[in-house]
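>>> What follows is a predicted protein model with its sequence.
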Amino acid sequence: MKKDPKASAAVAGARLIHRPWGTLITVLLALAVFLVPSSGARLGYDRALILEGEWWRCVTGNWVHFSGSHLFWNLVVLLPTGIWLEGRCPRRARLLYVSAPIAIGAVLLALDPALSRYAGLSGIASGVVALLALSHLASSPNDRWFWRAVLGLIALKIVAEMLVGRPYFARFVPGDVYAVPLAHLTGVACACFLRFRGQRLPL
Amino acid sequence: MNFSSSRRKLPGFILVLSAALLFSAGCVSHRVRKKAERATSVVSYLYPDEANPLPPTSIPVLRLPLRVGVAFVPSSSGHLDYGAGGPISELQKNALMQRVAAEFKGLEYIQNIQTIPSSYLRAGGGFGNLNQLRSLFGIDVIALVAYDQVQFTNHNVLSLTYWTIAGAYLFHGNQNDTQTLMEAAVYDIESRHLLFRAPGGSRVKAGAAGVYVAQRLRADGAKGFDDATTELIVNLKTQLEEFRVRVKEAPGEVKIEHKPGYTGAGSMGSAFAAVLLTGLGVVYWRRRHG
């Protein structure tokens, strides 16, 4: 039986689309920035330098990490959830990878003037986990309890950071570095927007 | 030889010798006071002219990381306070303050701790003086250290040997008792709030020969301060922990803010990652096999 070349091309195209490009690019960017020491200084979120015109730091700060463990735990969450999400809804996922870093940088710049330096993928990772849970809630009736629990866990983490971690001496990486729940909240807000308002976008 | 004349002079000689011995023993035993006290008071320093100081009304705002000062409260009389063991010297004060500062320097919510020399504090200076220190040293919070040291010295039965003069050098006929109480009161200077306080006490007992009493009391006084500081540090740590719990449980009592310029990190954290991945793994496995 002869295969239809158009159908074969469509299948190959679909496979290509469902490959987790967005996740892999994001992870590779974070690894590259971590492995090239000087890049952290050039790309990290630094409020003073952003206000002097280095606006790209708003976005690239998400890929910078302060330590190996900081990077490791963010990737441990982002890699499996990102691959899963991109397999389910690739366009929404990729739009999240593009929009979340911009939104996080802008929100931190606008709403947290006390924050002078920021780094970490966790804002994006929170958005990815939230979007994965929201997409499953809509289509997987059997596991709804689990995905609700995942959303509850994210909410609990953000609230805990606001009430306990943020004001009282929480340390996530060595040195005087504090958790920034606003970044996680922004990532989740991006996920919610893409899930509930994304239907109007050309996805 | 005229023995009768010598015999007549003997009672007079014994009388003179007895008087001389009595006088010398008296010199030894009365050179040191029976009780001596040296003390400073936080209340006298902060509220010198106020019988009923009003409590502060504003909520203290602590901007982390904190810049902390440590200072000894000056005595209310304004001059050096001489006890039996001598005054507490600036060197001693500095050494004690350095010990306290060293214990709290590593904490991530403390930017720095400065020891403030006594010459910057004036007797009864109050919060006006503290505000000057705040500007001069750039501190937000100050730990004011006050003390009360009482020294007693009493004679025991061995003091009878002082009559022999040599005994005053050899036998511990004096029993010294040094009781020290130190207290650190930590104030937020801007709001005038007492954040927490911690005491530290010690008791040193030691014997001394008559001529070395003053020397011994000085050593006991120094040891008393040293031991009390050790206890003070332990209690300060406990009180600091309790203060942290209090702030968490009653956030309206003290407001915590970060100073502009803090560094933030977006981190998922190991606990969150472990819980999430375990759940995802279970769901994924159920889908594949269920």
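That came through, no problem. Numbers count the residues shown, from 1 in each chain, chains lettered A, B, ... in the order given.
>>> what's the longest strand seen in chain A in contact with?
Looking across chain A with DSSP state E, the single longest strand is strand A:115-119. With Cβ atoms under 8 Å, 6 or more residues apart in numbering or on different chains as the test, strand A:115-119 has contacts from A:40, A:44-48, A:61-62, A:64-66, A:70, A:108, A:180, A:183, B:260-266. All C-beta spots, glycine's among them, are computed from the backbone N, C-alpha and C.
>>> Sitting in helices, which of these do you find?
In this view, the contacts of strand A:115-119 that belong to helices under DSSP state H are A:Gly40, A:Arg47, A:Ala48, A:His70, A:Leu108, A:Ala183.
>>> and chain B, which of the residues you listed contact it?
With Cβ under 8 Å from any Cβ of the partner chain as the criterion, those include A:His70, A:Leu108, A:Ala183 near chain B.
>>> Tell me the spacing between the first one and B:Glu190.
From A:His70 over to B:Glu190 the distance is 35 Å, taken as Cβ to Cβ, to the nearest Å.
>>> Among the two, which residue is more densely surrounded?
Per other Cβ atoms under 10 Å in any protein chain shown, whichever of A:His70 and B:Glu190 has more neighbours is A:His70, with 25 against 18.
>>> OK, now which residue of chain B is nearest to chain A?
Per Cβ to the nearest Cβ, B:Gly266 is where chain B lies closest to chain A, at 3.1 Å.
>>> my guess is that residue meets A:Asn74, correct?
Yes. At 7.4 Å, B:Gly266 counts as touching A:Asn74 under the criterion of Cβ atoms under 8 Å.
>>> Name the helix or strand for the spatially closest residue to B:Ala208 that is not a sequence neighbour, please.
Closest residue to B:Ala208 apart from its sequence neighbours, by Cβ to Cβ, 6 or more residues apart in numbering or on different chains: B:Arg216 at 3.6 Å. For B:Arg216, the element it lies in under DSSP states H and E is helix B:213-249.
>>> Just give me how far that helix sits from the chain centre.
6 Å (Cα atoms, centre = their mean, to the nearest Å).
>>> just stretch B:173-187 next, same as before
Distance, centroid of stretch B:173-187 to centroid of chain: 8 Å (Cα atoms, centre = their mean).
>>> ok, back up a step: contacts only, for the residue of chain B closest to chain A.
Each residue near B:Gly266 by Cβ under 8 Å, 6+ apart is listed here: A:62, A:74, A:104, A:118-123, A:125, A:179-180, A:183-184.
>>> and with 6 Å instead?
Counting by Cβ atoms under 6 Å, 6 or more residues apart in numbering or on different chains, B:Gly266 touches A:Gly120, A:Ser122, A:Gly123, A:Val180, A:Ala183.
>>> where does chain B come near chain A, residue by residue?
Chain B comes close to chain A at residues B:108-109, B:248, B:256, B:258, B:260-268, B:270, B:272-273, B:283, as judged by Cβ under 6 Å from any Cβ of the partner chain.
>>> Pull out the buried members of these.
Buried subset of the residues of chain B next to chain A (neighbour count, 16 or more other Cβ atoms under 10 Å in any protein chain shown): B:109, B:256, B:258, B:262-268, B:272-273, B:283.
>>> can you give me phi and psi for the nearest residue to B:Arg122 once chain neighbours are set aside?
By the measure of Cβ to Cβ, 6+ apart, the closest residue to B:Arg122 outside its immediate chain neighbours is B:Asn129, 5.8 Å from it. Main-chain torsions, B:Asn129, degrees, to the nearest 10: phi -70, psi -40.
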